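J.: Sequence and predicted structure are below.
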Amino acid sequence: MSALEEGPVTLADAPVRRLNMIEAINEALHLMMARDDSVVVFGEDVGYFGGVFRATAGLQKTFGKSRVFDTPINECGIIGAAVGMAAYGLRPVPEIQFADYIYPGYDQLVSEAARLRYRSAGEFIAPITVRSPFGGGIFGGQTHSQSPEALFTHVAGLKVVIPSTPHDAKGLLIAAIEDNDPVIFFEPKRIYNGPFNGYYDKPVEPWARHPDSEVPEGYYSIPLGKARIVREGEALTVLAYGTMIHVAEAVLAEKGVDAEIIDLRTLLPLDIETVKKSVEKTGKCLIVHEATRTGGFGGELSALVQEHCFYHLEAPIERVTGFDTPYPHSLEWAYFPGPVRIGEAVDRLLASGGRRAAPGGRNDAVRNG
Amino acid sequence: MADRPASSHSNRGNLPPLSLHVPEPPYRPGDPVDYSWLDIPPAGTAPRPDEACEAAETHPLCHGLIRVLDEDHRAVGAWDPRLDPETLRRMLRVMAMTRAFDDRMYRGQRQGKTSFYMKCTGEEATSVASAFALADDDMVFPSYRQQGILIARGYPIVEMINQIYSNRADKLKGRQLPIMYSSREHSFFTISGNLATQYPQAVGWAMASAIRGDTRIAASWIGEGSSAEGDAHAAFTFATVFNAPVVFNVVNNQWAISSFSGFAGGERATFAARAVGYGLAGLRVDGNDALAVYAAVRWAANRARANKGPTLIEHFTYRAEGHSTSDDPSQYRSAQEREEWPLGDPVMRLKRHLISLGEWSVEAHQAMDRELVEQVKAATKEAEKNGILGHGLHHPFHTMFEDVYEELPWHLKDQSEQAMHERRVKWPDWKET
């Protein structure tokens, strides 16, 4: 699916370059800061240095120290200050250096940012975009590898967005900054520089060779709450986001399975229509995330799929996730939901049930008793 | 170390074993109370540094107590704000109104008109005199006991009661616990029940004001109890790092529900003294002395507005009533504390000052009190026309799902329909109005 088909994009003539994900995010920040002087960017090491992953490089030089600055190492203060700035009328885009560090700011996000609009009946809002690199696969150990998205999808009032390509990262970040509700924008740091596909023993392709590294110059936004069909297929539906899109894509390609891969892009609010349509078509559903299993977002997806598509399901829903342990440093690849774990789940799904002969077949028979 | 001999801890010769210190308040129920140990300097003795001074110059004041009203009800010393009698009478009136309002709302809760109420009896000066010292468009980030600010800023008390009753006229649509007001129009930030969260928010607002080259400042209030929260540390650090134009108020009313100030660190240092380590300007003020509170907040506000940085003010006062209507202080503290509190009653002290100036009288005060009681009564009746909690006159049902997000997402639409359905099952004739 190209950018030109989506939302308010009118970029037919915009030059397209190949960027990696960091460059795409950096470009979105430059663009939004230039378009809207209420946008401010701050966090640990984001100012002069430009961020430990370089996502904010050049911003301070371009927009000045009062709009782009370093902060104390205090996530409660970073998010708390963002809430106050939002109440003033700014549009803060704080960075939490690693998603693992977000917990000291959790109360400010969950009890404050997420509830301002509701508890003040719309008098105060929190148009804050919290950017934070998340996920593992970089030998970051247990405190630089976590995927805490489910801790935020459980919160009424927050939106949770996770891009999987440079193209999406730019368009989704622009939409997140423009959104008038607080958005948690998790950036899968394993794919900042290339679409890592889970085969950790093989070299990673750079983004430049991937079609979704084509990023139009200038402004475009990708609406929040809309999933992307990465690949159409008939055999089964894969629901995933972030790094796991590329892992699932590689495994299924290797196995030669005609899978439909859906990149959810926004976990909350979820694009249930796209999920429904796909699972109703394929009858089989594989959910993949890197986060720990129990209480993970996969559980919510699984429940939604069975609530909405039960009579179309031909096999039990499969969940492939990280294990319920902290992210282990030396055994990172044993933890990571890689090709073996995904491949076996695909095999189970394919072995189970079977293709429906036609609509109104087996499933309708089940429904009618 | 499970195999370590159990006796190994006593291997250090004649050192006595360690023991844990758990703070204990000086008085429990039934104890006679004697506050002679409290160090209360005479009024008028504290020096008043220049508003633009180095923060360190204020630090001796963190261990003293700024007092203006003396034993003879005169305003004395460098901190006397020299307010004109008309302003003093207005301040007295707002403080008396706050008390009259509290009394009525407390009774309303006892009569079942709402679920909850919190009085600020004895602490009226800490909010009312502060509000007088700030500009009306300075943004305040209050805790739950600063109703005096809203009243001082002219927020209609009937709207406060509508909120307390969570009725159909409640501007917050019945979503918030009573007294958790919000009024953007009055530069009064929405109150949170999670304590001290407003402190770093006030800093953020102040930073935004500085980023934008505005002239408005922010002010925030927490209790001494919640000064123990990490949010306070975050706020103090951010405020000094970015020289934010913010005034931090810590209302030290001695009690956080049943925990005395010792559980927030009050046994070892004053709360104002926290300013020292952060490089904040710090002031410690007699919180029952409206003129001292006004003078201290005005000093800090002028300092902030002149871009000279943030100030921490400890208001030393006493919570004369329970924490809330859900609390019974007779279970954990001596009833005599309130009677023996050496800094008196802020309303009475301001009243006597005005009388001593020849600008007020006992009769005028009695007449004002009667008038205020009537005013609150009338507002209560007016608000009751819009309903009281639990009597059906609430906001339309569907509003429960609004404002979670700017737009209603599909899952909330579904849940809203489910809620409507349940309603119709229970009351088949029900129609959303």
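T.: On my side now, so go ahead.
J.: where exactly do the strands run in the chain?
T.: Using chain A. For chain A, applying DSSP state E gives strands covering A:16-18, A:39-43, A:68-70, A:91-95, A:129-134, A:159-161, A:183-188, A:214-216, A:228-231, A:236-240, A:259-263, A:266-268, A:285-292, A:318-322.
J.: other chain: chain B
T.: Ranges of strands in chain B, per DSSP E, are B:139-141, B:218-223, B:246-252, B:255-256, B:259-260, B:281-286, B:311-316.
J.: ok now do the residue nearest the centre of chain A, which residues does it touch?
T.: Most central in chain A under C-alpha atoms, centre = their mean is A:Ile162, positioned 1.3 Å from the mean C-alpha point. The contact partners of A:Ile162, taken as C-beta atoms under 8 Å, 6 or more residues apart in numbering or on different chains, are A:Phe134, A:Glu149, A:Phe185, A:Phe186, A:Glu187, A:Pro188, A:Tyr241, A:Gly242, A:Leu264, A:Arg265, A:Thr266, A:Leu267. Where you see a C-beta, it was placed from the backbone N, CA and C, and this is true even at glycine.
J.: rewinding a little: mind putting the strands of chain B into JSON lines with distance to chain A and mean neighbour count?
T.: Shown next, in JSON lines, are these (distance: least, C-beta to the nearest C-beta, whole Å; neighbours: other C-beta atoms under 10 Å in any protein chain shown):
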{"stretch": "strand B:139-141", "distance to chain A": "7", "mean neighbour count": "29"}
{"stretch": "strand B:218-223", "distance to chain A": "7", "mean neighbour count": "29"}
{"stretch": "strand B:246-252", "distance to chain A": "9", "mean neighbour count": "30"}
{"stretch": "strand B:255-256", "distance to chain A": "18", "mean neighbour count": "21"}
{"stretch": "strand B:259-260", "distance to chain A": "20", "mean neighbour count": "18"}
{"stretch": "strand B:281-286", "distance to chain A": "19", "mean neighbour count": "29"}
{"stretch": "strand B:311-316", "distance to chain A": "16", "mean neighbour count": "30"}
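J.: ok now do the residue nearest to A:Asp271 when sequence neighbours are not counted, which residues does it touch?
T.: Closest residue in space to A:Asp271, ignoring its immediate chain neighbours: A:Ala227 at 3.9 Å, by C-beta to C-beta, 6 or more residues apart in numbering or on different chains. Shown in contact with A:Ala227 (C-beta under 8 Å, 6+ apart): A:Ile262, A:Asp263, A:Leu264, A:Arg265, A:Thr266, A:Leu270, A:Asp271, A:Thr274, A:Val275.
J.: any idea how far the first one is from chain B?
T.: Think A:Ile262. 16 Å (C-beta to the nearest C-beta, to the nearest Å).
J.: count of residues packed around that residue?
T.: Residues lying near A:Ile262 (other C-beta atoms under 10 Å in any protein chain shown) number 26.
J.: hey, what's it bridged with?
T.: Counting by DSSP bridges, A:Ile262 forms beta bridges with A:Ile229, A:Leu239.
J.: The fifth one now?
T.: Judged by DSSP bridges, the bridge partners of A:Thr266 are A:Val161.
J.: So what's the residue count around it?
T.: Neighbours of A:Thr266 (other C-beta under 10 Å): 25.
J.: Touching, it and A:Lys159? I think so.
T.: Yes: taking C-beta atoms under 8 Å as the definition, A:Thr266 is a contact partner of A:Lys159 at 6.7 Å.
J.: can you list residues touching both of these two?
T.: Listed as contacting both A:Thr266 and A:Lys159 by C-beta under 8 Å, 6+ apart are A:Leu224, A:Gly225.
J.: and chain A, what are its domains?
T.: Domains of chain A are assigned by automatic domain parsing as A:14-216, A:228-350.
J.: can you pull out the helices in the chain?
T.: Since no chain was named, I'll use chain A. A:21-35, A:59-63, A:75-88, A:106-107, A:116-119, A:150-153, A:166-178, A:243-255, A:272-282, A:297-309, A:332-335, A:339-351, A:362-367 (DSSP state H).
J.: actually it's chain B I care about, not the one you picked
T.: Using DSSP H, helices in chain B cover B:55-58, B:85-110, B:124-133, B:147-152, B:157-165, B:198-211, B:230-241, B:274-278, B:290-305, B:336-340, B:346-356, B:362-384, B:410-426.
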